[in-house]
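In: sequence-free structure coming up:
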């Protein structure tokens, strides 16, 4: 990873076209996550990270947003904000990120055409 990069997510996708509308849909084929072996991660959930530490769970949750095809946004304090500062804990999925994820999921649970892969199956959050 480049210096200063804590975690990088690569999503492998395939697209297909809805035969009726011509709209393009993306389907995830696989996800790779590469963690930095040189940066300081704070893993303890009971204490806040120090001023030069990155909260492991905040970073992973943000990257899982990318794994669900969410992009960066400029609204500070949100899950998909483009930067999580040292010493910051951001483990809450904000409403905008949740809505975007649900829109993508709703699209991915429908088989749009015979050329598309089988749709995703929504799981119960309690599971």
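Out: Thanks, I have it. Please read these numbers as outputs of a predicted model, since none were measured by experiment. Residues are numbered from 1 along each chain as shown.
In: other SSEs contacting the lengthiest helix in the chain?
Out: If you go by DSSP state H, the chain has its longest helix at helix 95-108. On a contact count with 3 or more Cβ pairs under 8 Å, 6 or more residues apart in numbering; DSSP states H and E, helix 95-108 meets strand 24-35. (Glycine included, C-beta is placed from N, CA and C.)
In: quick check: which element contains the residue lying farthest from the centre of the chain?
Out: Of all residues in the chain, residue 20 has its C-alpha farthest from the mean position, at 29.6 Å, by Cα atoms, centre = their mean. Under the criterion DSSP states H and E, no helix or strand holds residue 20.
In: tally of neighbours for residue 79?
Out: 24 (other Cβ atoms under 10 Å).
In: do I have it right that residue 11 meets residue 31?
Out: Yes: the criterion here is Cβ atoms under 8 Å, and residue 11 meets it with residue 31 at 5.5 Å.
In: least trustworthy helix or strand in this structure by mean pLDDT?
Out: helix 95-108 (a mean of 79; mean pLDDT, DSSP states H and E).
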